[in-house]
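> can you look at this prediction? I've put the sequence above it.
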Amino acid sequence: MEFPIPETLKAEHAELHAELVDATRAGGRVGDAAKEVARCLHPHFVREEEFALPPLCLLAPLARGTLVPGMADVLALTDRLEAELPGMLGEHKEIVAALGDLVAAAKTQNMPKYTAFAEKLMLHARAEEEVLYPAAILVGRYVKLVLGR
């Protein structure tokens, strides 16, 4: 079964990516720092979109008590997320460190829009750690419970 990433999350990732591309074109220290953020962030976003975010499409139906045919297939994704969570969190630390360098560069070059972008991306990472990843894991645990696995 396919598990489409919720549109709101896809849109947020697309917006963050577009803002990062803009920052990489800023030149100087900001551009260099943004390129380092991109180097860390791109493979992380790919992994998130592969297995961390798709299970979230089941939240609404499960909250309504609706069992979706084929939903057991989500367990491969949620089990992988649980197994790879320490690595994902480690990637967040690397990304946030690179974002800290971007903030410093943006302040030095008096480019507040890139400071705001970096801070927004840091909050996005926290939201993933505090809400999205745990919710995806709970989807898997709930599906296991409901299906008796």
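In hand now; what should we look at?

> contacts only, for E84.
With contacts defined as C-beta atoms under 8 Å, 6 or more residues apart in numbering, E84 is in contact with R47, F51. To be clear about C-beta, it is placed using only N, CA and C from the backbone, and glycine gets the same treatment.

> measure it to P54 for me?
14 Å (C-beta to C-beta, to the nearest Å).

> how about R64?
R64 is 19 Å from P54, by C-beta to C-beta.

> of the two, give the one with the bigger neighbour count.
Between R64 and P54, P54 has the larger neighbour count (other C-beta atoms under 10 Å), namely 22 against 7.

> wait, isn't that one in contact with M1?
No - P54 sits out of contact with M1 when judged by C-beta atoms under 8 Å, with a separation of 10.1 Å.

> intersection of neighbour lists for the two?
With C-beta under 8 Å, 6+ apart, P54 and M1 have common neighbours V74.
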